[in-house]
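> sequence and predicted model, in that order:
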Amino acid sequence: MGRIIGVLNYKGGTAKTTTVVNLGAGLALRGERVLCVDLDAQGSLATYLGVHYTYSLAHLLLGQANPRTCIVRARDNLDLIAGDEGLLRAEGELWRIDNRLIARRVLVGRLQGLEDDYDYIILDFSPSASLLSESGLLYVRELIVPVAMNYLALIGTRQVIQTLKTIGRVHGHRVRLYLIVPTFYYARLRKDREVMETLQRYFADKVTAPIRASVKLSEAPSHRMSIYEYAPKSLAAIDYARLVERVFRDGQKRAKV
Ligand SMILES: Nc1ncnc2c1ncn2[C@@H]1O[C@H](COP(=O)(O)OP(=O)(O)O)[C@@H](O)[C@H]1O
Ligand SMILES: [Mg+2]
């Protein structure tokens, strides 16, 4: 059964989608079967990978399509369920369900069973604490939190941890805070080194090596490419490959247990 990993921070622009794309693409290149699911109405995941689709996650949530019709192939071993502004309407429909607990479990019900077909299912969260985000948290088992090098992102991380506690208490669903990924890192800035030290003090070995700030990473989406396609020799490709390796190895260890 595959790992179900969410990529979340309640702050926008912390490189969530960039991390989903390049972690997913990297694991796929490693031969793992990967499904990425976009929970963000901004719908950037399909755009970043240059994928065309007919049915999105919104159709799935509304019961207008089944998972098989929503899944599109993005690359070898890499599939995707797109998100778009239709998610806002779908979320509106979820709010109409009187029983909030049932509403929150609709997504889990729709995605159930897919973990048998994939080694990794990776969810790209929106930065808001919406009903859809809560639904996503009931589906994922592990969380990766990308943290941009500033104070606000640290606060966003704290909010994530609070939410995980609530999910455990209210819904009895345990989500493991798996990795903290420092992003937009400039080693020569003292501020960035200090944020890094703070993270390590709080989260110890959950903190990965940082993803450095990189023009290549900011350019890759407009070319609809992962970093390995756009600039395979760049520092950014090395940084993300290192993250892929860590996640892959942990997956291997887990499979042996
Ligand atoms: N390490 C990085 N260095 C430079 N630009 C980056 C880096 N990571 C992401 N970006 C760019 O920053 C912007 C926000 O990233 P994105 O992944 O969309 O954030 P989020 O999904 O958290 O809102 C995008 O334009 C992306 O290309
Ligand atoms: Mg995003």
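Yes, it's here. Ligands and ions are numbered 1, 2, ... in the order given.

> residue 253: neighbour count?
Using other Cβ atoms under 10 Å, residue 253 has 9 neighbouring residues. Every residue, glycine included, has its C-beta placed from N, CA and C.

> now residue 163
18.

> ok, residue 256 next?
By the criterion of other Cβ under 10 Å, residue 256 has 5 neighbours.

> do the same with residue 127
Counted with other Cβ under 10 Å, residue 127 comes out at 17.

> can you read off the backbone torsions of the closest residue in space to it that isn't next to it in sequence?
Among residues not flanking residue 127 along the chain, residue 12 sits closest, at 4.2 Å (Cβ to Cβ, 6 or more residues apart in numbering). For residue 12, the backbone dihedrals (degrees, to the nearest 10) come out as phi -80, psi 160.

> and for residue 75?
The phi and psi values for residue 75, taken as degrees, to the nearest 10, are phi -150, psi 180.

> which residues sit in contact with the nearest residue to it once chain neighbours are set aside?
Spatial nearest neighbour of residue 75, excluding adjacent residues (Cβ to Cβ, 6+ apart): residue 28 at 5.8 Å. By Cβ atoms under 8 Å, 6 or more residues apart in numbering, residue 28 lies in contact with 34, 75-78.

> for residue 209, see how far away residue 28 is.
Applying Cβ to Cβ, to the nearest Å, the value for residue 28 to residue 209 is 21 Å.

> and residue 158, by the same measure?
Computed as Cβ to Cβ, the residue 158 to residue 209 distance reads 22 Å.

> is ligand 1 within reach of stretch 195-211?
Yes - applying Cβ under 6 Å from any ligand atom, one finds stretch 195-211 touching ligand 1 at residue 211.

> could the C-alpha coordinates of that stretch be exported in CSV?
Presented in CSV, the C-alpha positions along stretch 195-211 are these (Å, rounded to 0.1, in the frame of the first residue of the first chain):
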residue,chain,number,x,y,z
VAL,A,195,15.6,30.5,10.7
MET,A,196,17.4,27.3,9.8
GLU,A,197,18.8,27.0,13.3
THR,A,198,15.4,27.7,14.9
LEU,A,199,13.8,25.0,12.8
GLN,A,200,16.5,22.5,13.8
ARG,A,201,16.1,23.4,17.4
TYR,A,202,12.4,22.6,17.3
PHE,A,203,12.2,19.8,14.8
ALA,A,204,15.6,18.2,14.9
ASP,A,205,16.1,15.6,12.2
LYS,A,206,12.7,16.2,10.7
VAL,A,207,14.4,19.2,9.0
THR,A,208,15.8,18.3,5.6
ALA,A,209,18.7,20.0,3.8
PRO,A,210,17.4,23.3,2.5
ILE,A,211,16.2,24.0,-1.1
